[in-house]
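*Asks:* Just the structure for this:
(chains A and B)
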Amino acid sequence: GAVVSQHPSRVICKSGTSVKIECRSLDFQATTMFWYRQFPKQSLMLMATSNEGSKATYEQGVEKDKFLINHASLTLSTLTVTSAHPEDSSFYICSARNRGNYGYTFGSGTRLTVV
Amino acid sequence: AQSVSQHNHHVILSEAASLELGCNYSYGGTVNLFWYVQYPGQHLQLLLKYFSGDPLVKGIKGFEAEFIKSKFSFNLRKPSVQWSDTAEYFCAVNKKDTDKLIFGTGTRLQVFP
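*Replies:* Okay, the predicted model is just below:
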(Lines give C-alpha, C1' and ligand atoms only; values in the text may rest on other atoms or scores of the structure.)
Protein backbone atom coordinates (compact mmCIF):
# COMPACT_ATOMS: atom_id res chain seq x y z
CA GLY A 1 0.00 0.00 0.00
CA ALA A 2 0.90 3.67 -0.15
CA VAL A 3 3.53 4.70 2.36
CA VAL A 4 4.61 8.13 3.48
CA SER A 5 7.88 8.42 5.36
CA GLN A 6 8.39 11.38 7.67
CA HIS A 7 11.74 12.23 9.20
CA PRO A 8 12.84 12.90 11.86
CA SER A 9 10.36 11.39 14.27
CA ARG A 10 11.63 13.49 17.15
CA VAL A 11 13.78 16.59 17.28
CA ILE A 12 14.85 18.90 20.05
CA CYS A 13 16.29 22.24 19.08
CA LYS A 14 17.36 25.44 20.74
CA SER A 15 15.25 28.53 20.54
CA GLY A 16 16.19 30.64 17.53
CA THR A 17 17.42 27.78 15.38
CA SER A 18 15.70 26.25 12.35
CA VAL A 19 14.49 22.71 11.91
CA LYS A 20 13.70 20.87 8.67
CA ILE A 21 11.18 18.06 8.49
CA GLU A 22 11.01 15.80 5.46
CA CYS A 23 8.02 14.00 4.05
CA ARG A 24 8.47 11.42 1.31
CA SER A 25 5.97 9.34 -0.60
CA LEU A 26 7.75 6.03 -1.07
CA ASP A 27 5.73 4.18 -3.67
CA PHE A 28 3.57 6.76 -5.35
CA GLN A 29 3.83 10.24 -6.75
CA ALA A 30 2.25 12.97 -4.71
CA THR A 31 1.59 16.20 -6.53
CA THR A 32 -0.05 17.50 -3.40
CA MET A 33 1.08 17.09 0.17
CA PHE A 34 -0.32 18.60 3.32
CA TRP A 35 1.20 19.72 6.59
CA TYR A 36 -0.73 19.53 9.82
CA ARG A 37 -0.02 20.51 13.37
CA GLN A 38 -1.43 18.63 16.32
CA PHE A 39 -1.36 19.94 19.86
CA PRO A 40 -1.63 17.47 22.73
CA LYS A 41 -5.04 15.86 22.90
CA GLN A 42 -6.33 18.06 20.08
CA SER A 43 -7.19 17.60 16.47
CA LEU A 44 -5.04 18.04 13.41
CA MET A 45 -4.99 21.58 12.14
CA LEU A 46 -4.17 22.04 8.49
CA MET A 47 -1.26 24.43 8.14
CA ALA A 48 -0.62 24.42 4.42
CA THR A 49 -1.00 22.61 1.14
CA SER A 50 2.24 21.84 -0.61
CA ASN A 51 2.10 21.70 -4.41
CA GLU A 52 4.90 20.23 -6.48
CA GLY A 53 6.65 22.89 -8.47
CA SER A 54 4.72 25.82 -7.09
CA LYS A 55 4.28 27.84 -3.94
CA ALA A 56 2.53 26.36 -0.97
CA THR A 57 -0.90 27.54 0.00
CA TYR A 58 -1.10 28.49 3.65
CA GLU A 59 -4.15 28.42 5.86
CA GLN A 60 -5.31 31.57 7.54
CA GLY A 61 -3.22 32.47 10.54
CA VAL A 62 -0.19 30.40 9.55
CA GLU A 63 2.98 32.45 9.13
CA LYS A 64 4.52 31.79 5.73
CA ASP A 65 7.91 33.11 6.75
CA LYS A 66 8.08 30.93 9.84
CA PHE A 67 6.92 27.70 8.24
CA LEU A 68 8.73 27.38 4.94
CA ILE A 69 7.47 24.65 2.65
CA ASN A 70 9.29 23.30 -0.36
CA HIS A 71 7.90 20.64 -2.69
CA ALA A 72 10.69 20.21 -5.18
CA SER A 73 9.80 16.78 -6.49
CA LEU A 74 6.80 14.50 -6.82
CA THR A 75 7.92 12.49 -3.81
CA LEU A 76 9.36 15.00 -1.39
CA SER A 77 8.01 17.93 0.58
CA THR A 78 9.88 19.68 3.38
CA LEU A 79 8.71 21.90 6.19
CA THR A 80 11.27 24.18 7.77
CA VAL A 81 10.41 25.80 11.06
CA THR A 82 12.54 28.94 11.09
CA SER A 83 13.73 30.75 14.19
CA ALA A 84 11.90 28.26 16.35
CA HIS A 85 10.45 29.29 19.68
CA PRO A 86 9.02 27.17 22.50
CA GLU A 87 5.48 27.90 21.32
CA ASP A 88 6.34 26.11 18.06
CA SER A 89 6.76 22.90 20.00
CA SER A 90 4.16 20.53 18.66
CA PHE A 91 3.51 17.38 16.68
CA TYR A 92 3.79 17.97 12.95
CA ILE A 93 2.23 15.52 10.52
CA CYS A 94 2.44 15.36 6.76
CA SER A 95 0.01 13.74 4.39
CA ALA A 96 0.06 12.94 0.71
CA ARG A 97 -2.86 12.60 -1.65
CA ASN A 98 -2.71 9.36 -3.57
CA ARG A 99 -4.44 10.05 -6.84
CA GLY A 100 -4.56 6.38 -7.60
CA ASN A 101 -7.14 5.68 -4.93
CA TYR A 102 -8.15 9.22 -3.97
CA GLY A 103 -7.03 8.50 -0.44
CA TYR A 104 -4.72 10.28 1.91
CA THR A 105 -1.68 8.65 3.45
CA PHE A 106 -0.17 10.08 6.60
CA GLY A 107 3.37 10.18 7.85
CA SER A 108 4.18 9.03 11.34
CA GLY A 109 4.69 12.58 12.55
CA THR A 110 7.51 14.63 14.01
CA ARG A 111 7.58 15.65 17.66
CA LEU A 112 9.32 19.04 17.79
CA THR A 113 10.48 20.37 21.12
CA VAL A 114 12.04 23.82 21.24
CA VAL A 115 14.03 24.55 24.38
CA ALA B 1 -17.37 29.03 8.93
CA GLN B 2 -17.16 25.68 7.28
CA SER B 3 -16.20 23.00 9.77
CA VAL B 4 -16.29 19.41 10.89
CA SER B 5 -17.83 18.75 14.30
CA GLN B 6 -17.50 15.78 16.57
CA HIS B 7 -19.85 16.24 19.47
CA ASN B 8 -18.51 13.49 21.67
CA HIS B 9 -15.18 14.61 23.05
CA HIS B 10 -14.61 11.75 25.45
CA VAL B 11 -16.48 8.47 25.51
CA ILE B 12 -16.02 5.77 28.13
CA LEU B 13 -17.44 2.32 27.53
CA SER B 14 -17.19 -1.17 28.87
CA GLU B 15 -16.16 -4.00 26.59
CA ALA B 16 -19.00 -5.37 24.46
CA ALA B 17 -20.93 -2.11 24.61
CA SER B 18 -22.10 -0.56 21.37
CA LEU B 19 -20.46 2.56 20.04
CA GLU B 20 -21.68 5.48 18.01
CA LEU B 21 -19.56 8.57 17.45
CA GLY B 22 -21.13 11.58 15.84
CA CYS B 23 -19.68 13.59 12.98
CA ASN B 24 -21.32 16.54 11.27
CA TYR B 25 -19.93 18.85 8.62
CA SER B 26 -21.06 22.16 7.30
CA TYR B 27 -19.75 22.07 3.75
CA GLY B 28 -22.13 22.36 0.85
CA GLY B 29 -21.70 20.39 -2.32
CA THR B 30 -20.19 16.99 -2.83
CA VAL B 31 -17.84 15.65 -0.20
CA ASN B 32 -15.66 12.67 0.54
CA LEU B 33 -15.82 11.48 4.14
CA PHE B 34 -13.31 9.63 6.26
CA TRP B 35 -12.84 8.21 9.72
CA TYR B 36 -9.32 7.80 11.08
CA VAL B 37 -8.07 6.21 14.28
CA GLN B 38 -4.98 7.17 16.20
CA TYR B 39 -3.80 4.65 18.76
CA PRO B 40 -1.63 5.97 21.59
CA GLY B 41 1.78 6.85 20.25
CA GLN B 42 0.95 5.83 16.71
CA HIS B 43 0.12 7.60 13.49
CA LEU B 44 -3.26 7.97 11.87
CA GLN B 45 -4.83 4.93 10.31
CA LEU B 46 -7.79 4.92 7.96
CA LEU B 47 -10.83 3.10 9.32
CA LEU B 48 -13.16 3.70 6.42
CA LYS B 49 -14.11 6.19 3.74
CA TYR B 50 -17.11 7.23 1.70
CA PHE B 51 -16.88 8.60 -1.80
CA SER B 52 -20.18 7.61 -3.40
CA GLY B 53 -22.68 4.78 -3.66
CA ASP B 54 -24.06 2.87 -0.69
CA PRO B 55 -24.21 5.34 2.20
CA LEU B 56 -23.51 2.56 4.69
CA VAL B 57 -19.79 1.96 4.60
CA LYS B 58 -18.00 -0.91 6.27
CA GLY B 59 -14.42 -0.49 7.40
CA ILE B 60 -11.74 -2.39 9.19
CA LYS B 61 -11.97 -3.89 12.67
CA GLY B 62 -15.75 -4.14 12.60
CA PHE B 63 -16.41 -0.43 12.22
CA GLU B 64 -19.03 1.02 9.94
CA ALA B 65 -20.38 4.48 9.19
CA GLU B 66 -23.50 5.85 7.62
CA PHE B 67 -23.61 8.93 5.43
CA ILE B 68 -26.86 10.81 5.82
CA LYS B 69 -26.73 13.61 3.31
CA SER B 70 -29.82 15.43 4.61
CA LYS B 71 -28.26 15.63 8.06
CA PHE B 72 -24.71 16.36 6.86
CA SER B 73 -23.66 13.51 9.11
CA PHE B 74 -21.27 10.57 8.94
CA ASN B 75 -21.54 8.75 12.25
CA LEU B 76 -19.20 5.93 13.15
CA ARG B 77 -20.57 2.76 14.73
CA LYS B 78 -19.39 -0.52 16.14
CA PRO B 79 -21.77 -3.07 17.65
CA SER B 80 -19.39 -4.37 20.30
CA VAL B 81 -16.22 -2.56 21.32
CA GLN B 82 -13.05 -4.14 22.62
CA TRP B 83 -10.42 -2.87 25.00
CA SER B 84 -8.08 -2.59 22.01
CA ASP B 85 -10.39 0.03 20.48
CA THR B 86 -9.15 2.55 23.03
CA ALA B 87 -7.85 5.38 20.84
CA GLU B 88 -8.57 8.79 19.41
CA TYR B 89 -11.04 8.86 16.54
CA PHE B 90 -11.12 11.60 13.92
CA CYS B 91 -13.72 12.35 11.31
CA ALA B 92 -12.43 14.16 8.23
CA VAL B 93 -14.03 15.76 5.21
CA ASN B 94 -12.72 16.58 1.78
CA LYS B 95 -14.69 18.81 -0.54
CA LYS B 96 -14.50 17.34 -4.01
CA ASP B 97 -13.46 20.62 -5.58
CA THR B 98 -10.34 20.84 -3.41
CA ASP B 99 -7.67 18.49 -2.14
CA LYS B 100 -7.85 19.69 1.44
CA LEU B 101 -8.75 17.22 4.16
CA ILE B 102 -10.25 18.92 7.18
CA PHE B 103 -10.43 17.13 10.49
CA GLY B 104 -12.98 17.18 13.24
CA THR B 105 -12.00 17.86 16.82
CA GLY B 106 -11.58 14.20 17.64
CA THR B 107 -13.18 11.83 20.12
CA ARG B 108 -11.22 10.04 22.76
CA LEU B 109 -12.59 6.55 23.34
CA GLN B 110 -11.70 4.60 26.44
CA VAL B 111 -12.84 1.01 26.70
CA PHE B 112 -12.56 -0.74 30.03
CA PRO B 113 -12.44 -4.53 30.35
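
*Asks:* can you count the residues close to B:Leu33?
*Replies:* B:Leu33 has 21 neighbours, counted by other CB atoms under 10 Å in any protein chain shown. C-betas here are computed from N, CA, C, even on glycine.

*Asks:* which residues are in contact with the host helix or strand of it?
*Replies:* Using DSSP states H and E, B:Leu33 sits in strand B:31-38. With contact meaning CB atoms under 8 Å, 6 or more residues apart in numbering or on different chains, strand B:31-38 is reached by A:102, A:104, A:106, B:23, B:25, B:44-51, B:59, B:63, B:65, B:67, B:74, B:76, B:87-96, B:101, B:103.

*Asks:* Those residues in strands, which ones?
*Replies:* The members of the contacts of strand B:31-38 that map onto strands under DSSP state E are A:104, A:106, B:25, B:45-50, B:65, B:67, B:74, B:76, B:87-95, B:103.

*Asks:* Restricted to buried residues, select the residues you listed in PyMOL.
*Replies:* Buried residues within those, by 16 or more other CB atoms under 10 Å in any protein chain shown, are selected in PyMOL with:
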select buried, (chain A and resi 104+106) or (chain B and resi 25+46+47+48+49+50+65+67+74+76+87+88+89+90+91+92+93+94+95+103)
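
*Asks:* residues from chain A in reach of chain B?
*Replies:* Taking CB under 8 Å from any CB of the partner chain as the criterion, the neighbours of chain B within chain A are A:32, A:34, A:36, A:41-46, A:49, A:93, A:95, A:97, A:102-104, A:106-109.

*Asks:* What parts of chain B come near chain A?
*Replies:* With CB under 8 Å from any CB as the criterion, chain B meets chain A at residues B:32, B:34, B:36, B:42-44, B:46, B:49, B:51, B:90, B:92, B:94, B:99-106, B:108.

*Asks:* repeat that with 7 Å
*Replies:* For chain B, the residues in contact with chain A (CB under 7 Å from any CB of the partner chain) are B:32, B:43-44, B:46, B:49, B:51, B:90, B:99-106.

*Asks:* Closest to A:Gln6 out of these?
*Replies:* For those, the closest approach to A:Gln6 (CB to CB) belongs to B:His43, at 8.4 Å.

*Asks:* I'd assumed A:Arg111 was in contact with the closest one.
*Replies:* No: using CB atoms under 7 Å, B:His43 makes no contact with A:Arg111, being 11.7 Å away.
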